[in-house]
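Peer 1: Sequence plus the predicted model coming up.
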Amino acid sequence: MSDPAGFDIRTMKPNQGQGELIRTDAALARMIGQIARSANADAVVCGTETGALFRKLFEHAEDVRLIAATPNVDTYDALVGDGFEAVRLSLRVANKYGQARHGVSTALNAGAVSVGDLVVCAVGHDLCHGVGDLILVTDVEANVSNVALSEMIKLTDGIRPSVLEAALRLACKIGDVAQRGKRVGALFVLGDSENVLERSRQLVLNPFQGHGDQVRMLTDSRIDEMLIELAKLDGAFIVRGDGLIRTAAAFLATSKVDVKVPVGLGARHVAAAAVTAQTEATAVVVSATDGFVRAFSGGDLVLQMDPAVPLGPFWQSPS
């Protein structure tokens, strides 16, 4: 399955008059190669969406061990098919430092690098939302294999990392169903639930009305199947920061707010961007079209996941 065109991947192009420093892939590749040789690095982990930066890097730093790290299945298959070493990323992260950490973590978990290695991690401008490049020189530490979700998304209003983990875990299950041809989507709104409820109305009777707290905790995987069935209803799950599900099938009646959602994403994503722009909530969306899982915070798309890519120890971060 190809990656969706809807994710906002921008190619750096000359932007006259704004004072931006624009680097071509070739210039960036030369810089990465020089840094890797000067530092006597054990490897370069190159985050790339299209593979263009990695291929330029191979031209300019063939003497350095190079590992491509990409979330794009087509890019991964093409690079591996051409004999390059590559790992498949499970996440696209808007924050480049988080994306770099995820790249090193994935390489370590895949056995491509080892604890104690000195690694240059480069993230090209085509991989993250927005523009700019990042080059980091870092020792590979054992704890990098456990990438905490709170490092990827800025949690607000007392949202527990374990609740975000649970929402993403369940969203991946629903996304897997969608990717197998069943059109199921979902929207989980986490935190600041009082403000979110004030901006919503019920489409149907609240399915959780009258039920005890023990059967309303998003963190309890025993209710996953029930929640997957409820996801087939229109509307959103509204969840308290500690994981208590306040309601399901809620329509988010957000007022007009200027949010920018990547082309190709639908009403759920617009609602997620809008509600997180107007409240302190974080939203997790499952697309019924491509099954991808996306997270919004502060009105922006901050994370994208492919449910088909195993996360492994990603889920073992402490709460």
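Peer 2: That came through, no problem.
Peer 1: same for the longest helix seen in the chain, what does it pack against?
Peer 2: Counting by DSSP state H, the longest helix found in the chain is helix 161-179. Judged by 3 or more Cβ pairs under 8 Å, 6 or more residues apart in numbering; DSSP states H and E, helix 161-179 is in contact with helix 149-152, strand 186-190, helix 224-230, strand 282-286, strand 293-297, strand 300-305. C-beta: built from backbone N, CA, C; applies to glycine.
Peer 1: switch to 7 Å and redo it
Peer 2: Helices and strands touching helix 161-179, by 3 or more Cβ pairs under 7 Å, 6 or more residues apart in numbering; DSSP states H and E, are helix 149-152, strand 186-190, helix 224-230, strand 282-286, strand 293-297.
Peer 1: Those: which one's closest to V80?
Peer 2: strand 293-297 (24.4 Å; Cβ to Cβ).
Peer 1: In CSV, could you pull the C-alpha coordinates for the closest one?
Peer 2: Taking Å, rounded to 0.1, in the frame of the first residue of the first chain, the C-alpha atoms of strand 293-297 are listed here in CSV:
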residue,chain,number,x,y,z
VAL,A,293,-3.7,7.4,12.1
ARG,A,294,-3.0,11.1,12.6
ALA,A,295,-2.7,13.2,15.7
PHE,A,296,-3.5,16.9,16.0
SER,A,297,-2.4,19.3,18.7
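Peer 1: outside of it, which residues touch it?
Peer 2: By Cβ atoms under 7 Å, 6 or more residues apart in numbering, the residues outside strand 293-297 that reach it are 153-154, 168, 171-172, 175, 269, 272-273, 276, 282-286, 301-305, 307.
Peer 1: before we move on, the earlier item: and the helices and strands packed on helix 161-179: which comes nearest I245?
Peer 2: I245 lies closest to helix 224-230 among the helices and strands packed on helix 161-179, at 8.0 Å (Cβ to Cβ).
Peer 1: Tell me which other helices or strands the closest one touches.
Peer 2: Using 3+ Cβ pairs under 7 Å, 6+ apart, helix 224-230 sits against helix 161-179.
Peer 1: avg pLDDT for the helix it packs on?
Peer 2: The predicted model gives helix 161-179 an average pLDDT of 88.
Peer 1: tell me the contacts of G243?
Peer 2: Counting by Cβ under 7 Å, 6+ apart, G243 has contacts R160, V163, A166, M217, L218, T219.
Peer 1: so where do the helices sit in this structure?
Peer 2: Using DSSP H, helices in the chain cover 25-39, 52-60, 73-81, 96-109, 149-152, 161-179, 193-198, 224-230, 267-278.
Peer 1: Just the buried ones from the contacts of strand 293-297, in ChimeraX syntax?
Peer 2: Of the contacts of strand 293-297, the buried ones go into a single ChimeraX selection, burial set by 16 or more other Cβ atoms under 10 Å:
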select :153,168,171,172,175,269,272,273,276,282,283,284,285,286,301,302,303,304,305,307
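Peer 1: what's stretch 182-200 in contact with?
Peer 2: Contacts for stretch 182-200 (Cβ under 7 Å, 6+ apart): 156-159, 163-164, 167, 171, 174, 177-178, 231-232, 236-241, 246, 250-254, 268, 271-272, 275, 278-288.
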